[in-house]
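[1] Give the three-dimensional model of this entry:
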Amino acid sequence: MNKKALIPLVLMLALFAGACGVASSETNEIGLIYSGGTFEEKEFKGFLKPGSTTESVGAGSSVYRYRIDQRSYRGDAKNNGADAGPVGVTSKDTVAMGVDYQLYFKLNQDEKVLRKFHENLGVKTQAWTDEGWKQMLRDYFEPQIERSLEAAALNYNMRELYSSEEVRVAFQNDAVGRIKQAIKDVIGDDYFCGPSYTGKGSDCGEFTMTVGKPNPPEEVVKALQAEQTNAAAVVAQTTANQRIAEELKAERELVNLYGPEGALLREAIKSGKVQQFIIDNSGRSTTQAPAQPKG
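    Purely as a prediction, here's the structure:
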C-alpha cells in the first residue's frame, strides 16, 4: 500500500476510534473525560490515566489531556527560548532595572483539584493545547510576577542590589514570597505543585521560584565600575603616601640621631658596603666594611 492510500485509512481509523469512544494517553499526560456533544449535555465522566492505550471513554466523549511532567515559566533577556522577557522594576532610589526569573512546577493530579483547574481556568484559554497553556500562564502568572517584583524592588537601593549579596538574597526572598501568595490569591487553589511531586499520595509542596540579580542599564554599570576602579586607585595611592611618609620619618630620625651622615650610613648598610656601625663614647658613628676574602 502506498503512502497516499495510507493517509485516508489512518484518518478513518481515528474517526472510528472517536466514534466508538476509544482514547489513549502518553505516560506524561492525564486526560479528563467529558461526555456530550450534538445530542446530549456535557458531563464529567472521569479520568484517562497516564499511559492508557485504547481505553473506552464512551461514544461522542471528549478527552482533554494535560501534561503532568515538570513544567516551567521563565522570563529573561537572553533570548534563549524563555516564555517572556525580564520584568522592568524601579529601585528605591529610582533606578530602572531588569529582573530575570524562573518558575518550575507540576500540575496537581488530585482528581477534584484537576477537574476544578480545568473547568475554572483551562477552558478559558484551552490550556490542554500548547498555545492555550502558554496563554493561561500569561494571564494568571505573569501579572502577579510583575507586580510582586516591582513591589519588592521599591524596598532596596540600586547600589545595594548590585553589589551586596546579602541584600540580593533578601530581595529574592521578599519577591518570591510575594509572587507565591499573589498567584495563590488569584487562582484560588493549589493547582500547581513542586517539582518533587509524583502524583496521587505524594506531598504537593510549593512550586519552585528563583529570581535573578537585578540588572541596571549598561551605562549605570559602566559608571559603577569606573567608580570602583577610582576607589581602588585612591586606596593604592593612600598606601603609597603612607609608605613614603614613614620613610621620610625614618630619614629624619637618623639625621637627628647621627647627624647628616645617618641617612647615607643607612643606604650603605642596605647596599652591603657596610655590615655594621659602632657608636663611640663621643656619640659619633664609625663604620666597618665587610671583611675581604683571603688569598
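[2] Residue 67: how many residues sit nearby?
    Residues lying near residue 67 (other CB atoms under 10 Å) number 16. Placement of C-beta: from N, CA and C, glycine included.
[3] Dihedrals phi and psi, it?
    Phi and psi for residue 67, reported as degrees, to the nearest 10, are phi -70, psi 140.
[4] So it sits against residue 114, correct?
    No: counting by CB atoms under 8 Å, residue 114 is not a contact partner of residue 67; they are 11.9 Å apart.
[5] list the residues that contact both of those two?
    With contacts taken as CB atoms under 8 Å, 6 or more residues apart in numbering, residue 67 and residue 114 have residue 107 as neighbours in common.
[6] Helix or strand with the lowest mean pLDDT in this structure?
    Confidence across the helices and strands of the chain bottoms out at helix 3-19, with a mean of 46, counting by mean pLDDT, DSSP states H and E.
[7] partner strands of the helix or strand following that helix, parallel or antiparallel?
    On the C-terminal side of helix 3-19, the closest following helix or strand by DSSP states H and E is strand 22-23. Sheet pairing for strand 22-23, assigned by DSSP bridges, gives strand 55-56 (antiparallel).
[8] Please list the outside residues in contact with the partner strand.
    Contact with strand 55-56 is made by 20-24, 48-49, as judged by CB under 8 Å, 6+ apart.
[9] same thing but 7 Å
    Applying CB atoms under 7 Å, 6 or more residues apart in numbering, the contact partners of strand 55-56 are 21-24, 48.
[10] again, but for stretch 81-88
    Stretch 81-88 is touched from outside by 73-77, 96, 98-101, 134, 137, 142, 145-146, 149, with contacts defined as CB under 7 Å, 6+ apart.
[11] Would you confirm that residue 151 belongs to a strand?
    No: secondary structure of residue 151 (DSSP: H, G, I helix; E, B strand; the rest coil): helix, not part of a strand.
[12] tell me the secondary structure for the nearest residue to it once chain neighbours are set aside?
    Among residues not flanking residue 151 along the chain, residue 178 sits closest, at 6.1 Å (CB to CB, 6 or more residues apart in numbering). Of the three states, residue 178 takes helix according to three-state DSSP.
[13] surely residue 178 meets residue 152?
    Yes: applying CB atoms under 7 Å, one finds residue 178 in contact with residue 152, separated by 5.8 Å.
[14] And the two? Which one has more around it.
    Comparing residue 178 with residue 152 by other CB under 10 Å, the one with more neighbours is residue 152, at 23 against 18.
[15] wait, what's in contact with the more buried one?
    By CB under 7 Å, 6+ apart, residue 152 lies in contact with 171, 174-175, 178.
[16] Number of residues surrounding residue 34?
    A count of neighbours around residue 34, defined by other CB under 10 Å, yields 22.
[17] Okay, and it sits in which element?
    strand 29-35.
[18] Next SSE downstream of that strand?
    Scanning forward in sequence from strand 29-35 by DSSP H and E, the next helix or strand is strand 43-48.
[19] Does anything pack onto that following strand? Which helices or strands?
    Counting by 3 or more CB pairs under 7 Å, 6 or more residues apart in numbering; DSSP states H and E, the packing neighbours recorded for strand 43-48 are strand 29-35.
[20] So which residues make contact with the strand it packs on?
    Strand 29-35 is touched from outside by 23, 25, 42-50, 57-58, 60-68, 109, 114-115, 118, with contacts defined as CB under 7 Å, 6+ apart.
[21] repeat that with 6 Å
    With CB atoms under 6 Å, 6 or more residues apart in numbering as the test, strand 29-35 has contacts from 25, 42-46, 48, 50, 57-58, 61-68, 118.
[22] Measure how it sits relative to strand 43-48, angle-wise.
    150 degrees (axes from the mean of the first three to the mean of the last three CA atoms, to 10 degrees).
[23] Would you list the buried entries among the contacts of strand 29-35?
    25, 45, 48, 50, 57-58, 61-68, 118 (16 or more other CB atoms under 10 Å).
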